[in-house]
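Peer 1: have a look at this prediction, sequence included:
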Amino acid sequence: MEETKKTNKKAVIGIAAVAALVVILAIVYVVFRQKPVEGSKAITITVVNKAAEETTYEVKTDAEYLRQAMEEAEGLTFSGAESEYGMMVDTVNGERADYNLDGAYWSFYINGEYCNYGIDTQPVADKDAFSICYTLAQ
């Protein structure tokens, strides 16, 4: 009986410790995550197609996230599948990248660095330079 009480006490303490850790990690995420910038911004979006041809769009936008800025870029078209994580882009300017067919996908870059977020959650700031590149998996 005494041993069961000690085991139950340890389990309760372990669960409380895990719950506290989850709360701390959630607070750290909220405080330090990249936040969108409100207001007017001037950005560029460069599309690099399969033939390595570049098309650049100059966009003046109030968009907080990349998807809205892409929707505002005159002449830029894109589509894809919606998921719980946002849109997975598979077609840009009429060119489809099919990973299942040949390992191709559209990769997204911000200021020369690979985007860590999808287009629905990638914040946009003034003077950002985005690249959307047709990419073949290695």
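Peer 2: Structure's in. What do you need?
Peer 1: where does pLDDT dip in this protein?
Peer 2: Within the chain, the set of residues satisfying pLDDT under 70 comprises 1-6, 11-12, 14, 16-39.
Peer 1: per-domain residue ranges of it.
Peer 2: For the chain, the domain assignment from automatic domain parsing gives the residue ranges 1-33, 41-136.
Peer 1: can you tell me which of these is most buried?
Peer 2: With neighbours taken as mean count of other CB atoms under 10 Å, those reach their highest mean count in domain 41-136, at a mean of 15. All C-beta spots, glycine's among them, are computed from the backbone N, C-alpha and C.
Peer 1: starting at the chain centroid, how far to that domain?
Peer 2: Taking CA atoms, centre = their mean, to the nearest Å, one finds the center of domain 41-136 at 10 Å from the center of the full chain.
Peer 1: distance between the ends of it?
Peer 2: According to CA to CA, to the nearest Å, domain 41-136 extends 32 Å from its N-terminal end residue to its C-terminal end residue.
Peer 1: am I right that residue 71 is in a helix?
Peer 2: Yes: counting by DSSP: H, G, I helix; E, B strand; the rest coil, one finds residue 71 located in a helix.
Peer 1: pull the contacting residues for residue 63.
Peer 2: With contacts taken as CB atoms under 8 Å, 6 or more residues apart in numbering, residue 63 has the following neighbours: 41, 69, 72, 124.
Peer 1: assign it to helix, strand or coil.
Peer 2: coil.
Peer 1: start at 48 instead
Peer 2: Let's use 48 as the start, then, which means that last one is residue 110.
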